[in-house]
Each structure stands twice: as structure tokens, then as C-alpha cells.
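Visitor: Based on what follows, work out the 3D shape:
(2 chains)
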There are 2 protein chains.
Amino acid sequence: MRRVRFRDPAGAVRYGEWNDGQIEFGDRTFDEDEVDVLAPCEPSKIVCVGRNYVAHADEFGNDVPDRPLLFLKGPNTVASHGSEVTLPAGKDRLDFEAELGVVIGEQAKDVAEADAMDVVAGFTCVNDLSNRDDQNRETNWVRGKAFDGAAPIGPVLASPDEVPEDAAVRSYCNGELRQDSTRSLMIFSVPELIAEITSYMTLEPGDVVATGTPEGVGKLEDGDEVVIEVEGVGRLEHTVEIPSA
Amino acid sequence: MRRVRFRDPAGAVRYGEWNDGQIEFGDRTFDEDEVDVLAPCEPSKIVCVGRNYVAHADEFGNDVPDRPLLFLKGPNTVASHGSEVTLPAGKDRLDFEAELGVVIGEQAKDVAEADAMDVVAGFTCVNDLSNRDDQNRETNWVRGKAFDGAAPIGPVLASPDEVPEDAAVRSYCNGELRQDSTRSLMIFSVPELIAEITSYMTLEPGDVVATGTPEGVGKLEDGDEVVIEVEGVGRLEHTVEIPSA
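Guide: Numbering: from 1, shown residues only, chains lettered A, B, ... in the order given. Next comes the predicted model:
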């Protein structure tokens, strides 16, 4: 099943079933354009994973880590499908990064790998927007990764059975395919990530684990249209605005 | 004014006025022991500042940064006055760090230094608990700084006029004074921090800026009693449990 969270024409927030751009809720069916599509969850935190694909670590000359490289994005980073995301002004290099997002379904601490999928509500698409100018200058990637709007998420929350183990993870910029990899090339799997993260912190329902991006990340320009696609989930689309400094 | 958030004997969450361990709400007065004292706010994120006192940067051999070193703690890190905080097991070095906490009072983005105090609800005490074993091994300090309970906060939210510009910032471990500095020795002031942070991210009401710790941080052992004291705010007290690995 694929679900989408949306604000209906009366202003109420609902969870409907998603069928190719149509949203079913009760006995009503809405076109995507009739409603405000919201992020599929309201994370208290987004736990992100860096360098989780060998070929992406290589493209920036980084070693493959011996355990997951974790970083955090706050709720201020959430942006939704169909939105225009305003990026920091005056930077040389602002990048898209296609990622499989894991949405947590229940409060979870010290979860064993074998039980990890029990706490997963489903999968979604994440764009881990990155401000390299600052990321490359700072100890913790706060200005670089946790600026407002740095995590477009959605639109679909797909149940795990919809998403194959070798699901494609892709990005397109202005219609051109830029990243094209698969979940099966992750260094640390979703259960391994959940086990490691929850050995230190409690995950809450709606929290998101962004599982890292494959090779092919690229620079964004003002007005670009970005699509993040995860096979079995669907497509997250948004544009970017880069104000002049 | 000094306020405290608490759960009254009937289970309702209230904000009362704090007078030396007594809490006044409406026409009732509670002793601190009669109620559950809660963290004074519910942050969507805690934005922490590293190396904001020269003498603390020196004690770990770090350079003084040319702009604030920022890192994040999620809501999972919040712990309250009077609590027992369970720290990660199997680590060699778990430290206390006394800090002045700034509690945000209204949604804030792109705030000028001159206007920064307008978005501040008040000040509190923060213990920036740190797991050095992992902090020293990771790119972003997630396992090192964002584990569950890593941010005891409170109990008092003091209005800014209660806290002098040269307020003492102190810690005690098992009654022994361990840190004893003053807010006036911060490298980046509260208005400078708010201006810098809000140039990248929106702060929400209840968010906390933890302004960095002075020299004298030290190692915790199982059962230790920690007090964080900020002049004009009061004392945050908690114990720590360190499970055997």
C-alpha cells in the first residue's frame, strides 16, 4: 500500500491511499492538484547516513567508513512534494542527493537487526540537500545539511513489501537522469542502520532514517526541477530557488 | 521572573513561578518534591555550540573557531531536573559540561544581533553530556552528543533580566566545584549565536541554544551527582547511571 498525507480542500489533514497521482480517502477521490500534499510524516529528527555507497564515497575521495557515518537534520529541514525550496544564498555548490528514506512506525530503542523491520512504517523518497561550501568548513554538518528545507520528503509512504531489496534509487535534474543506483549497493542495510542508531537513541514514530546517496550527486542552479525516485515508492518532485546573495 | 514546568499531583502539566524550591500556580503552592519537575520547554531541536570559551578549547588542544562550531541534539536527548540519566555503557570517558541554555520564545529566522534578545524567552541550565569515546571517532557528533538523555535541562526558565551579563556558569560533581567561569568569557555572545544560527535555520518556540562550556569538564562515574549552576537561573541537579557493559 502507498499512502500520502495531505490537506484536503476543507483544510483537514488526512492520510489517503495513493494511486498514480490520485488520492483516495473514504469515498472521495482527489487529484493531486486539488490538495496540498504534505510530507508523509512529522519527524522529531531525521537521522542521516553519509558515505553509505562505495561509489559515492569514492567520488569525493572519502574512505568507506567502518560503521555508519551519522548526522542529524532537525524538523526545520522538512519540505514537501511539489514545493519550491529556497536554498542558502551566496554559495558556490548546493547539491541534490537521492536517498531511500525509512519512516519509523513505533518508538524504538535497542532494536536487534532481526527485529528492525518491525519498527518500520514504510519507505519514502528523500532529497538530502547539501550546502558544500559550509559542509566542507565545519566539524558538524549543521550549516551544510540542516538549513531550512534541506530535506524534501515524500510524497508516498510505501509499505515495505512494495519496495524490492534491489529497488532503484535515482535522481533527475531538469529531466536528465543523474543518479541511478540501487538499494542493494548500500554498505549498511536498513536493519543494520536501525540497530546501530537505536543502540544510542530512541527513534519516534514519524522519524526518518535517510540511508545515504549513491554516486552522481550534482550541483543545483536557481529554478532547477529535481526528481528523486525510489522504485516501489514513486517520485518526489520539487524546484529550488537560490536567491542572489 | 523564574518559571518552572511541572506535572501537578493531578497529572496536569502547568507552568508555575519558582521561589527557592517552591512552585506557585494560581492560589496553590507546591514543594518541589510534591510534583514532577519537567524540562522547562519542549525543544524541536537543541542547537549546541562547541569551543565557545577559549580556556575550554585549550584544554582539549583545539583552536578557537572563527565562527561558532554548531552541532545538534534531538528531542530524544532532553532529561529533567531530579532525574537519573542512563549513559551509554562500555565507554571510557563520559563527561559533564555546564552550559547556559537559551530558550527561544518565538519562531525566528534571519534575526539581526540587535534584535536577538526579542526572540529569547529566557535562560536555563544545560548539561551537555558527552561521550568522548564516540565523539573522538566520528565526523558528526551523533553517538557522542545526541544519545538519549544527553541534555539535562532546567529546572528554571529565568527571564533575561534575572541573568547578569557576567553570570557565573558552574558545575559540581558530588558536591565538588569543577567548573567556575562566566558568561562574559564566551567567544560568541548570545545575540551573535542567534544571528548566526537563524541565518541558516528557523528556531521554534521552546528550542534551546546551548552556548558552550567553559574549562574544567570532567569524567563521570556510575552514581555521580551532578549540579549545573547558572547565576540568576539556579541549579539543575541530576544523577547518572552507567550500566556495566
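Visitor: need the residues of chain A near chain B, please.
Guide: Counting by CB under 8 Å from any CB of the partner chain, chain A comes close to chain B at A:44-45, A:47, A:50, A:69-72, A:74-77, A:88, A:109, A:134, A:138-143, A:146-148, A:200-202, A:204. In this view, the C-beta of every residue, glycine as well, is placed from N, C-alpha and C.
Visitor: In strands, which of those appear?
Guide: Among the residues of chain A next to chain B, DSSP state E puts A:47, A:50, A:69-72 in strands.
Visitor: Could you export these as CSV, including pLDDT, neighbour count and distance to residue B:165?
Guide: Shown next, in CSV, are these (pLDDT from 0 to 100; neighbours: other CB atoms under 10 Å in any protein chain shown; distance: CB to CB, whole Å):
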residue, pLDDT, neighbour count, distance to residue B:165
A:47, 98, 28, 38
A:50, 95, 24, 40
A:69, 97, 21, 40
A:70, 98, 24, 37
A:71, 98, 26, 34
A:72, 98, 25, 32
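Visitor: longest helix anywhere in chain A?
Guide: helix A:190-198 (DSSP state H).
Visitor: Give me the angle between that one and strand A:46-50.
Guide: Put simply, helix A:190-198 runs at 120 degrees to strand A:46-50, going by axes from the mean of the first three to the mean of the last three CA atoms, to 10 degrees.
Visitor: So what's the gap between the helix or strand following helix A:190-198 and the chain middle?
Guide: Per DSSP states H and E, the first helix or strand lying C-terminal to helix A:190-198 is strand A:208-210. Centre-to-centre, strand A:208-210 and its host chain are 7 Å apart (CA atoms, centre = their mean, to the nearest Å).
Visitor: same thing with stretch A:151-158?
Guide: The answer for stretch A:151-158 is 7 Å, by CA atoms, centre = their mean.
Visitor: pretty sure residue A:177 contacts residue A:169?
Guide: No. Using CB atoms under 8 Å, residue A:177 is not in contact with residue A:169; the gap is 11.9 Å.
Visitor: out of these two, which sits in the busier spot?
Guide: Shown here are residue A:177 and residue A:169; by other CB atoms under 10 Å in any protein chain shown, residue A:169 has more neighbours (27 against 12).
Visitor: Provide the strand pairings for the helix or strand hosting the more buried one, with the direction of each partner.
Guide: Per DSSP H and E, residue A:169 falls inside strand A:168-173. Paired neighbours of strand A:168-173 in the sheet (DSSP bridges): strand A:176-182 (antiparallel), strand A:225-230 (antiparallel).
Visitor: Quick one: the ones you listed as JSON lines, columns for mean pLDDT and distance to residue B:101 too.
Guide: Formatted as JSON lines, the strands paired with strand A:168-173 follow (pLDDT from 0 to 100; distance: least, CB to CB, whole Å):
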{"stretch": "strand A:176-182", "mean pLDDT": "97", "distance to residue B:101": "40"}
{"stretch": "strand A:225-230", "mean pLDDT": "98", "distance to residue B:101": "37"}
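Visitor: Would you mind finding the most buried of the ones you listed?
Guide: Stretch with highest mean neighbour count among these: strand A:225-230 (a mean of 22; mean count of other CB atoms under 10 Å in any protein chain shown).
Visitor: CA-only coordinates of that one in PDB, if you can.
Guide: Below are the C-alpha coordinates for strand A:225-230, written out as PDB (Å, rounded to 0.1, in the frame of the first residue of the first chain):
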ATOM      1  CA  GLU A 225      13.500  20.900 -11.100                       C
ATOM      2  CA  VAL A 226      14.600  17.900  -9.100                       C
ATOM      3  CA  VAL A 227      13.000  14.400  -9.100                       C
ATOM      4  CA  ILE A 228      14.000  11.800  -6.500                       C
ATOM      5  CA  GLU A 229      12.700   8.300  -7.500                       C
ATOM      6  CA  VAL A 230      12.800   5.200  -5.400                       C
END
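Visitor: For that strand, what is the distance to the chain centroid?
Guide: With CA atoms, centre = their mean, you get 10 Å for strand A:225-230.
Visitor: Quick one: list the elements packing against the helix or strand following that strand.
Guide: Counting by DSSP H and E, the next helix or strand C-terminal to strand A:225-230 is strand A:234-241. Judged by 3 or more CB pairs under 8 Å, 6 or more residues apart in numbering or on different chains; DSSP states H and E, strand A:234-241 is in contact with strand A:84-86, strand A:120-127, strand A:151-158, strand A:225-230.
Visitor: Specify the local secondary structure of residue A:166.
Guide: coil (DSSP: H, G, I helix; E, B strand; the rest coil).
Visitor: Next: residue A:161.
Guide: Per three-state DSSP, residue A:161 ends up helix.
Visitor: Need the pLDDT of it.
Guide: Note on residue A:161: pLDDT of 97.
Visitor: now swap in residue A:88 and tell me
Guide: Reading off the model, residue A:88 has pLDDT 97.
Visitor: Walk me through the domains of chain A.
Guide: Chain A breaks down by automatic domain parsing into domains covering A:1-38, A:39-241.
Visitor: Quick one: end-to-end length of the last one, please.
Guide: For domain A:39-241, the first and last residues are 19 Å from each other (CA to CA, to the nearest Å).
Visitor: do the same with the first one
Guide: Between the start and the finish of domain A:1-38 there is a gap of 18 Å, counting by CA to CA.
Visitor: isn't residue A:88 right next to residue B:200, touching?
Guide: Yes. The criterion here is CB under 8 Å, and residue A:88 meets it with residue B:200 at 6.6 Å.
Visitor: Overlap in contacts, these two.
Guide: A:134, A:143, A:147 (CB atoms under 8 Å, 6 or more residues apart in numbering or on different chains).
Visitor: and the residue nearest the centre of chain A, bridged to which residues?
Guide: In chain A, the centroid-proximal residue (CA atoms, centre = their mean) is residue A:126; its distance is 1.5 Å. For residue A:126, the beta-bridge partners under DSSP bridges are residue A:99, residue A:153.
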